[in-house]
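Trainee: This is a predicted model, with the sequence first.
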Amino acid sequence: MATYTIKYACGHSTHDVWLRGTEKEIKSQIEWYEDTIVCPECYKKLKQSEQYRARVVDEALSGRECIAITKGDTYSIKEQLKEHGFFWGKYYKDNNVLTLTTYKAWMINMPNDDNKLDELLSYLSALGVPEADIETIKQTKANKKLDDLLDDPFDE
């Protein structure tokens with residue numbers, strides 16, 4: 001294992017990383033770093049310019065259906081999100097437990113009450129979440145209601 005000085009992809013400065021492996025693996029890792037990683041200042045600007053995105057996910061620990069904000073600079077509004085009932089949680093990629101890949105995001109339990117859901121969706125819209133995401137959340141909720149109506153408790 002050795003330390004290598006690598007240029008950021010944005011070209012602003014350099015940073016040191018610990019790399020290990022064969023010479024070929026290290027060369028590949030260096031190329032990846034120099035093509036991918038940007039300096040902290042550029043990363044901050046990138047996150048601030050990124051549009052908020054939201055989607056319905058199953059929370060990893062409990063399996064509860066939640067709405068997660070999956071993109072955007074949520075760090076700068078984390079206190080505001082907490083005030084609205086959001087919590088920092090994990091969800092599985094594509095809601096598939098078998099992938100074992102979890103992502104972290106600000107999440108809120110899917111409201112059962114339609115009025116509370118409308119308030120939440122209005123808040124997300126005010127944040128700048130795209131209308132397509134809002135419509136997908138509404139459709140997911142409508143499908144869940146339909147599934148609940150069609151479930152036969154004596155079906156087992």
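Mentor: Yes, it's here. Residues are numbered from 1 along each chain as shown.

Trainee: Break the protein into its domains for me.
Mentor: Per automatic domain parsing, the structural domains of the chain span 2-46, 51-150.

Trainee: Put together JSON lines for those domains, with mean pLDDT on each row.
Mentor: Formatted as JSON lines, the domains of the chain follow (pLDDT from 0 to 100):
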{"stretch": "domain 2-46", "mean pLDDT": "87"}
{"stretch": "domain 51-150", "mean pLDDT": "87"}
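
Trainee: Just name the most buried of those.
Mentor: Greatest average neighbour count among the domains of the chain goes to domain 51-150 (a mean of 15), per mean count of other C-beta atoms under 10 Å. Bear in mind the C-beta positions are built from the backbone N, C-alpha and C, glycine included.

Trainee: any idea how far Tyr103 lies from Tyr91?
Mentor: Note on Tyr103: its distance to Tyr91, by C-beta to C-beta, to the nearest Å, is 6 Å.

Trainee: Equivalent analysis for Leu120, please.
Mentor: Counting by C-beta to C-beta, the gap from Leu120 to Tyr91 is 17 Å.

Trainee: now do Ala54
Mentor: Ala54 is 12 Å from Tyr91, by C-beta to C-beta.
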